[in-house]
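[1] prediction below, plus the sequence it came from.
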Amino acid sequence: MNKEEKFFKKFIEQRDIMIQQLLQGDLNKRDYIEDSYFYLKDLNMKPYEVIDEPLKAIYNYQFYNLRAKYIKLKLNDLIRKRSNLEKQAKYRQDINELYAKKDEATLSLMEVVNYKNVEGYYIKTKAKGLKNKLLEIVFYDFESVIFHSMHEEVLKKLKENKVFKEEVQLSLIDDYINERY
């Protein structure tokens, strides 16, 4: 096993452990996001620039998604305190940029697997602003690889490749999706 394979194995194992802790109630959503963020930070591994295999796209998605969610935690703290409007604006900009990169990783993974065993659909959410906007993309060839997006290009590609279901469905990770943090 080469260095990169060892990295991916360790990364996936740790991700699965944290997901299990979340599902068992040992971690709440905020703790899961913080612990996952600091785990990624401690890895000191930058995102991949070239996505030529699925695990690289999965890593990039996690990298950008967790960074965005962590910054969103910090933004929510500032909003609750009603403080530092300038920092709030910077956090919002950072979050948007990170989510855009996360969507690039989603598109990359769909392309790398050639849309094989991929399914996308809108999910039911408690947040009215996300109704008919939040997509769930399931990659059935990879255990626990469920991505989310609101990006029009992701929707377009799912439809073009005939892997988009028109009906709104309950998320496979509904409790997580609808838990506030």
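    Thanks, I have it.

[2] measure Glu13 to Lys41 for me?
    18 Å (C-beta to C-beta, to the nearest Å). Where you see a C-beta, it was placed from the backbone N, CA and C, and this is true even at glycine.

[3] tell me which of these two has more neighbours.
    In terms of neighbours (other C-beta atoms under 10 Å), Lys41 is the more surrounded of Glu13 and Lys41; the figures are 13 against 10.

[4] per-residue pLDDT, the more buried one?
    We have a pLDDT of 90 for Lys41.

[5] in which helix or strand would I find it?
    When elements are assigned from DSSP states H and E, Lys41 belongs to helix 29-43.

[6] tell me which helix or strand comes right after that helix.
    Secondary structure here is assigned by DSSP H and E; on that basis, the next helix or strand after helix 29-43 toward the C-terminus is helix 54-81.

[7] show me what that following helix is packed against.
    helix 3-24, helix 29-43, helix 85-112 (3 or more C-beta pairs under 8 Å, 6 or more residues apart in numbering; DSSP states H and E).

[8] next, the buried residues of that helix.
    54-72, 75 (16 or more other C-beta atoms under 10 Å).

[9] identify the residues contacting the residue minimising distance to the centre of the chain.
    Against the mean C-alpha coordinate of the chain, by C-alpha atoms, centre = their mean, the closest residue is Asn65 at 4.4 Å. For Asn65, the residues meeting the contact criterion (C-beta atoms under 8 Å, 6 or more residues apart in numbering) are 98-99, 102.

[10] next one, pLDDT for it please.
    Reading off the confidence values, Asn65 has pLDDT 95.

[11] roughly how far apart are it and Lys157?
    Here the distance between Asn65 and Lys157 works out to 18 Å (C-beta to C-beta).

[12] cool, Tyr176 as well?
    Using C-beta to C-beta, one gets 24 Å for the distance from Tyr176 to Lys157.

[13] circling back: as CSV, the helices and strands packed on helix 54-81 with distance to Lys165 would be great.
    Rendered in CSV, the data for these read as follows (distance: least, C-beta to C-beta, whole Å):
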stretch, distance to Lys165
helix 3-24, 24
helix 29-43, 26
helix 85-112, 15
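
[14] which of these sits closest to Gly129?
    Of all these, the one in closest proximity to Gly129, counting by C-beta to C-beta, is helix 85-112 (14.8 Å).
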